[in-house]
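Q: Okay, here's the prediction I keep looking at, along with the sequence it came from:
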Amino acid sequence: MTWNVLFAAARSPLGPWSARGPVVRDTVVGAAPDVLCLQEIDPAQVEFARAGIPGFSALLGETNGLSPYPRRILVAAPIALLLWAVLAWRLGPPPWPVWLWLTHLALFAVGVLAPLLLAFVIRYRGPYRPPGSLNPILYRPERLRPLADGCVWISDTPHRSGTAFPFLIEPRVVHWARFAVDGFEILVVNAHLGHAPWHYAGTARVVLELLARERPSSDAPVLLLGDFNAVPGSGVVRRLLDSLTLAWDVAETRDGPETTFQWNLAPGMTPLRLDHVLFAGPLRSVAARVLTPRVGGLPPSDHDPVVVEFEVALT
């Protein structure tokens, strides 16, 4: 099961985390997965991930780290506005040469558009608070025994904590764990990927290198779950499908909506399929479900959880 449960600091029509958390807990208990991958666990939700869902133990992993861009925007915006005002005062109104038009546009982007975008993002997801967020992997200890776990960051230096590709608005972390279960080993990877299409190739490369490095053997089962912030036809998913299979697409039975991101049911917004379960190795996707927990018609998160039942066919 994978579920982006939305930061505790984020705005939600259902209210604060104290109202949303019990709905998340009850939904997970009702689904009864053996493995649960959560995304957007901020400092206020750590104890929930650690011990808030009965029957589960947790591998918390490492935090993604803080984005440098909010601070940079807050420093650069007033400087850009001052330069823009001085430029307009000294050079007067148009017509201007092309280079001056471009200078005006650049200063406008830094001084006005960037702060507006930052304000919109913070209003939706809450403030950027240290030390960042976690992608914990929860498991049933009577079914699985953890052997090792670790994290990589979506960057050119994936083993350096808190690193990111250029212009990725915040660091993205991928948490992996190897488990012993029923006499074999399985690799579980919990991913919360970025939005930027220009990083799709690099993102897929980091994830596939992780799978190749940490997979117990070339034919061992692998599960890659999480919020990919990308639809199935996107570049990052298509690259990952060179080595893995989308469980939803090949499941023998499917239940619930195909989409998983519902924008907190905001009017006029088109739901998207952003949360995925991919697999490789001797696994068969028996049943896939997208759950739609609601309280008074309101969701506890802007994402709905995905649950997939697998059968293992080891020879």
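A: All right, it came through fine.
Q: all strands of this structure, in order?
A: Secondary structure of the chain (DSSP state E): strands at 2-4, 35-39, 57-59, 137-139, 145-153, 173-181, 184-192, 222-227, 245-246, 253-255, 275-280, 283-290, 306-312.
Q: Mind giving me the packing neighbours of the longest helix along the chain?
A: Under DSSP state H, the helix in the chain containing the largest number of residues is helix 69-91. Packed against helix 69-91 by the contact rule (3 or more Cβ pairs under 8 Å, 6 or more residues apart in numbering; DSSP states H and E) you find helix 98-108, helix 114-125. (C-beta placed from N, C-alpha, C; glycine too.)
Q: Out of these, indicate the one that is most buried.
A: Greatest average neighbour count among these goes to helix 114-125 (a mean of 15), per mean count of other Cβ atoms under 10 Å.
Q: quick one: it to helix 69-91, angle?
A: Here helix 114-125 runs at an angle of 150 degrees relative to helix 69-91 (axes from the mean of the first three to the mean of the last three Cα atoms, to 10 degrees).
Q: gap between the longest helix of the chain and the chain center?
A: Counting by Cα atoms, centre = their mean, to the nearest Å, helix 69-91 is centred 33 Å from the centre of its parent chain.
Q: what angle do that helix and helix 98-108 make?
A: Here helix 69-91 points in a direction 140 degrees away from that of helix 98-108 (the same axes, to 10 degrees).
Q: Only the buried residues of helix 69-91, if you could.
A: For helix 69-91, the neighbour count (16 or more other Cβ atoms under 10 Å) marks Tyr69, Pro70, Ile73, Ala76, Ala77, Ala80, Leu81, Trp84 as buried.
Q: Contacts for it, please.
A: Outside of helix 69-91, the residues within contact range by Cβ atoms under 8 Å, 6 or more residues apart in numbering are 100, 103-104, 106-108, 110-112, 114-115, 118, 122, 128, 169-170.
Q: Which one of these is nearest to Ala230?
A: Ile169 (15.0 Å; Cβ to Cβ).
Q: can you pull the contacts of the closest one?
A: Ser67, Tyr69, Val121, Gly194, His195, Ala196.
Q: What does it show for phi and psi?
A: phi -60, psi -30 (degrees, to the nearest 10).
Q: In TSV, list the strands of the chain along with mean neighbour count, mean pLDDT and distance to Gly296.
A: As requested, these are exported to TSV (neighbours: other Cβ atoms under 10 Å; pLDDT from 0 to 100; distance: least, Cβ to Cβ, whole Å):
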stretch	mean neighbour count	mean pLDDT	distance to Gly296
strand 2-4	27	98	20
strand 35-39	27	98	24
strand 57-59	19	98	29
strand 137-139	24	98	27
strand 145-153	17	98	37
strand 173-181	22	97	33
strand 184-192	23	97	28
strand 222-227	25	98	25
strand 245-246	18	98	33
strand 253-255	13	98	23
strand 275-280	23	98	23
strand 283-290	18	98	20
strand 306-312	19	97	23
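Q: Adding distance to Gly268, write the ones you listed out as a markdown table.
A: Output for those, formatted as a markdown table (distance: least, Cβ to Cβ, whole Å):
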| stretch | distance to Gly268 |
| --- | --- |
| strand 2-4 | 22 |
| strand 35-39 | 25 |
| strand 57-59 | 37 |
| strand 137-139 | 35 |
| strand 145-153 | 35 |
| strand 173-181 | 32 |
| strand 184-192 | 26 |
| strand 222-227 | 22 |
| strand 245-246 | 28 |
| strand 253-255 | 27 |
| strand 275-280 | 21 |
| strand 283-290 | 21 |
| strand 306-312 | 24 |
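Q: what about those, which gets the closest to Arg239?
A: Judged by Cβ to Cβ, the one of the strands of the chain that comes nearest to Arg239 is strand 275-280, at 11.4 Å.
Q: picking up where we left off before, is it possible to get JSON lines of the helices and strands packed on helix 69-91 that adds distance to Leu60 and mean pLDDT?
A: Formatted as JSON lines, those follow (distance: least, Cβ to Cβ, whole Å; pLDDT from 0 to 100):
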{"stretch": "helix 98-108", "distance to Leu60": "42", "mean pLDDT": "91"}
{"stretch": "helix 114-125", "distance to Leu60": "20", "mean pLDDT": "85"}
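Q: which one of these lies closest to Ala9?
A: helix 114-125 (7.6 Å).
Q: Just the C-alpha atoms of the closest one, please, in CSV.
A: C-alpha atoms of helix 114-125 as CSV (Å, rounded to 0.1, in the frame of the first residue of the first chain):
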residue,chain,number,x,y,z
ALA,A,114,8.7,34.0,-7.9
PRO,A,115,7.3,35.4,-4.6
LEU,A,116,3.7,34.8,-5.9
LEU,A,117,4.5,31.2,-6.8
LEU,A,118,6.2,30.6,-3.5
ALA,A,119,3.2,32.1,-1.6
PHE,A,120,0.9,29.8,-3.6
VAL,A,121,3.0,26.7,-2.9
ILE,A,122,3.2,27.5,0.8
ARG,A,123,-0.5,28.2,1.1
TYR,A,124,-1.2,24.7,-0.4
ARG,A,125,1.5,22.6,1.2
